[in-house]
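**Q** structure for this input, please:
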Amino acid sequence: MGTVSQFAEKPRPMAHRIESEEEALSVATQLAAQVAARASERDLERVLPYEELDQLAQSGLLAISIPSEYEGIDVSNAVLAEVTAILSEADSSIGQIPQSHFYILEALRQDGTEEQKKFFFARALAGDRFANALSETGTRTAGHYDTRITEDGAGYRINGRKYYSTGVLFADWIAIFALDAADEITMSFVPRGTEGIQIIDDWDSFGQRVTGSGTTLLQNVYVNAGSVVRHHLGFEQPATIGSVGQIIHAGVDLGIARAAFRETVDFVRNRARPWMDSGMERASEDPLTIAKVGEIAIRLEAAAAVIEHAGRKVDIAQIEPTEEHATEASLAVAAAKVLTTEVALEATNTLFELAGTASTKVALNLDRHWRNARTHTLNDPVRWKYHVVGNYHLNGVRPPRNGTL
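**A** Residues are numbered from 1 along each chain as shown. Take a look at the predicted model:
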């Protein structure tokens, strides 16, 4: 790997090695309990979760998707999504930050050379964190890029400006996506402290406030040839890059919905008053309230079941990447993303509908759940997922091959 293998940050212990899917879920649950304690405070005061991301890296959870032939446990995608949901229920920013990490590892699995896989999977097992410099503003569409990678002797130089660089403030490695001379998309692994990289903490969204999704400036950044992955290859054949990325996003939305539902039940049981015409002594006895809580609970169960179903489809497509399996995975994950988007928005709205005016107090910060749901669900518009699914069933048009399906 040339100079890449010489990468070294401040000394830190090796990450814990998780040995099973059951342990992954248990570790996620334990870590979630820790990060939940100050989640509201971090959101209110915009305190970036550096310590919490260190804990996440040391927990071993960031390595659970690594293939078994590279010493990972290659968890099912349903488990990967559930781990994400567990963390997101505690703090949806911390649940979202590793999304690009897992997307990058999946892209490496599909597109990387054997040498690249051995090296970077080993770094992930050690506890290194990967983040993306992918999306840009000001381009013709959200899927177009102006960032360029050009040859420079034995290596390359990258120039461009990225936004929505989720997690880049906490990363050890930045995966920079840039167009080469043939206008093909590449993914280059660069240590965060590389000369020419400037990270600006200018993320000012009203939701997902501590994801570190600001601007990354790339000014003549050098990358050696061994660190450049031909990312476009993953979209020239049946693959699961997009479906893995999207099922993790669905897990984030499911976690937000669960958090809002939990807050709703607690508030209605312990603080809300019954409506004066209900004839009830307690808000929790109001039949309209009971029915609405039941409705959200059922939709949460349905969304979780569809994620689990979609995860199995993605597993099959990873093992046997045929056109049919990749299509089934994309369609199932699209369905999961639609349902989790809808339940996240509905559950966060229902929280205030049932809890009443008292729940809007700033000190409670319950609105963070709605703000987080509304912000995160904008990543990939679900209206196009309806279109993709309908177009397949009506016209036999397979989902396009990109990172959103």
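
**Q** show me what the top strand by length along the chain is packed against.
**A** Counting by DSSP state E, the longest strand found in the chain is strand 215-224. With contacts taken as 3 or more C-beta pairs under 8 Å, 6 or more residues apart in numbering; DSSP states H and E, strand 215-224 sits against strand 155-162, strand 173-179, strand 185-191, strand 197-200. For the C-beta atoms, the positions are set from N, CA and C on the backbone; glycine is no exception.

**Q** closest to Asp146 out of those?
**A** Nearest of these to Asp146, taken as C-beta to C-beta: strand 155-162 at 6.0 Å.

**Q** where does pLDDT dip in this structure?
**A** When residues are selected by pLDDT under 70, those of the chain lie in 1-10.

**Q** okay, now the domains of it?
**A** Recorded structural domains for the chain (assignment: automatic domain parsing) are 2-129, 148-232, 237-395.

**Q** find the nearest non-adjacent residue to His144, please.
**A** Glu136 (7.6 Å; C-beta to C-beta, 6 or more residues apart in numbering).

**Q** ok, that neighbour - contacts?
**A** Neighbour list for Glu136: 144-147, 160-163 [criterion: C-beta atoms under 8 Å, 6 or more residues apart in numbering].

**Q** looking at neighbours, which among those is most surrounded?
**A** Lys162 (25 neighbours; other C-beta atoms under 10 Å).

**Q** flag every buried residue along stretch 109-118.
**A** 109-112, 116-117 (16 or more other C-beta atoms under 10 Å).

**Q** can I get those in JSON lines including distance to Pro274?
**A** Shown next, in JSON lines, are the buried residues of stretch 109-118 (distance: C-beta to C-beta, whole Å):
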{"residue": "Arg109", "distance to Pro274": "54"}
{"residue": "Gln110", "distance to Pro274": "55"}
{"residue": "Asp111", "distance to Pro274": "58"}
{"residue": "Gly112", "distance to Pro274": "59"}
{"residue": "Gln116", "distance to Pro274": "61"}
{"residue": "Lys117", "distance to Pro274": "60"}
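
**Q** just checking, Ala329 touches Ala317?
**A** Yes: if you go by C-beta atoms under 8 Å, Ala329 and Ala317 touch, sitting 4.1 Å apart.

**Q** ok, which stretches of the stretch 1-150 of the chain are helices?
**A** Using DSSP state H, counting those that start in this stretch, the helices of the stretch 1-150 of the chain run over 21-36, 39-45, 50-59, 77-90, 92-96, 99-111, 114-126.

**Q** quick check: neighbours shared by Ala329 and Ala317?
**A** Between them, Ala329 and Ala317 share the contacting residues 240, 243, judged by C-beta under 8 Å, 6+ apart.

**Q** the two: which is more packed in?
**A** For Ala329 versus Ala317, neighbours defined as other C-beta under 10 Å are more numerous around Ala329 (31 against 26).

**Q** centre of the chain versus whichever strand or helix holds the more buried one, how much separation?
**A** Taking DSSP states H and E as the definition, one finds Ala329 inside helix 323-355. Relative to the centre of its chain, helix 323-355 is centred 14 Å away, using C-alpha atoms, centre = their mean, to the nearest Å.

**Q** go on, stretch 46-60?
**A** On the basis of C-alpha atoms, centre = their mean, stretch 46-60 is displaced by 15 Å from the centre of the chain it belongs to.

**Q** put the alpha carbons of it into PDB.
**A** Extracted in PDB, the C-alpha atoms of stretch 46-60 (Å, rounded to 0.1, in the frame of the first residue of the first chain):
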ATOM      1  CA  ARG A  46     -24.400  21.200  20.000                       C
ATOM      2  CA  VAL A  47     -21.700  19.300  21.900                       C
ATOM      3  CA  LEU A  48     -19.900  17.100  19.300                       C
ATOM      4  CA  PRO A  49     -19.700  13.500  20.500                       C
ATOM      5  CA  TYR A  50     -15.900  12.900  20.300                       C
ATOM      6  CA  GLU A  51     -15.800  10.800  23.400                       C
ATOM      7  CA  GLU A  52     -18.900   8.800  22.400                       C
ATOM      8  CA  LEU A  53     -17.400   8.000  18.900                       C
ATOM      9  CA  ASP A  54     -14.200   6.800  20.700                       C
ATOM     10  CA  GLN A  55     -16.300   4.500  22.700                       C
ATOM     11  CA  LEU A  56     -18.100   3.300  19.600                       C
ATOM     12  CA  ALA A  57     -14.800   2.600  17.800                       C
ATOM     13  CA  GLN A  58     -13.400   0.700  20.800                       C
ATOM     14  CA  SER A  59     -16.600  -1.400  21.200                       C
ATOM     15  CA  GLY A  60     -15.800  -3.300  18.000                       C
END
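
**Q** which residues does that stretch contact?
**A** The contact list for stretch 46-60, computed with C-beta under 8 Å, 6+ apart, reads 12-13, 15-18, 27-28, 31, 34-35, 38, 41-42, 62, 87, 91, 93-94, 97-98, 127-129, 167, 169-170, 201, 209-210, 212.

**Q** and stretch 368-379, by the same measure?
**A** Residues contacting stretch 368-379 (C-beta under 8 Å, 6+ apart): 39-40, 43-44, 92-93, 96, 205-209, 249, 252-253, 256-257, 259-260, 263, 341, 344-345, 347-349, 351-352.

**Q** give the buried subset of those as a PyMOL selection command.
**A** The PyMOL selection below is limited to those of the contacts of stretch 368-379 classed as buried (16+ other C-beta under 10 Å):
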select buried, resi 39+43+92+93+96+207+208+209+249+252+253+256+257+259+260+263+341+344+345+347+348+349+351+352
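
**Q** right, and Ile158 touches Met187 too?
**A** No: contact criterion C-beta under 8 Å: Ile158 and Met187 do not qualify, at 11.0 Å.

**Q** now the common contact residues for those two.
**A** Taking C-beta under 8 Å, 6+ apart as the criterion, Ile158 and Met187 both touch Ile176.

**Q** skipping adjacent residues, who's closest to the residue nearest the centre of the chain in space?
**A** Geometric centre of the chain, nearest residue: Gln99, 2.8 Å, by C-alpha atoms, centre = their mean. Nearest non-adjacent residue to Gln99, counting by C-beta to C-beta, 6+ apart: Ile248, 4.7 Å away.

**Q** surely the one you found is within a helix?
**A** Yes: with DSSP: H, G, I helix; E, B strand; the rest coil as the criterion, Ile248 is located in a helix.
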